[in-house]
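In: turn this into a model:
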Amino acid sequence: MANHQSAEKRIRQTKMRRLSNRYASRTTRNSIRKLRSLTSKEEAQKMYPEVCSMLDKLAKKNVIHQNKANNLKSKLAIHISKLS
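Out: This next block holds a predicted model:
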């Protein structure tokens with residue numbers, strides 16, 4: 001149990017950040033899955049900028065590493081280019 005005010009505050013902050021990060025990560029992962037499941041190139045191209053924006057925000061907040069975000073964006077772009 002925390003004995004100091006600052007430690008109690010840190011516990012509260014960590015809990016809220018963890019929930020926020022989990023929500024953002026889960027939402028982004030679901031969007032990536034949805035994009036990968038699309039078969040229409042036009043729909044995928046419309047959705048791609050939104051997913052890229054989500055990945056960039058996660059990387060900016062250090063939820064995921066910048067290289068991971070870049071790798072995911074690259075793989076999604078390749079997937080979209082292969083669609084007909």
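
In: surely residue 57 touches residue 25?
Out: No - Residue 57 lies out of contact with residue 25 (Cβ atoms under 8 Å); the separation is 10.9 Å. For glycine as for every other residue, the C-beta is placed from the backbone atoms N, C-alpha and C.

In: what about residue 51, how many residues nearby?
Out: 19 (other Cβ atoms under 10 Å).

In: could you report the distance from it to residue 18?
Out: With distances taken as Cβ to Cβ, to the nearest Å, residue 51 is found 23 Å from residue 18.

In: swap in residue 6?
Out: 18 Å.

In: now swap in residue 2 and tell me
Out: Separation of residue 2 from residue 18 (Cβ to Cβ): 16 Å.

In: go on, residue 7?
Out: With Cβ to Cβ as the criterion, residue 7 and residue 18 are 16 Å apart.

In: need the next SSE after the lengthiest helix in the chain, C-terminal direction.
Out: Using DSSP state H to define each element, the chain has its longest helix at helix 5-37. Downstream of helix 5-37, the first helix or strand assigned by DSSP states H and E is helix 41-60.

In: what angle do that following helix and helix 5-37 make?
Out: 160 degrees (axes from the mean of the first three to the mean of the last three Cα atoms, to 10 degrees).
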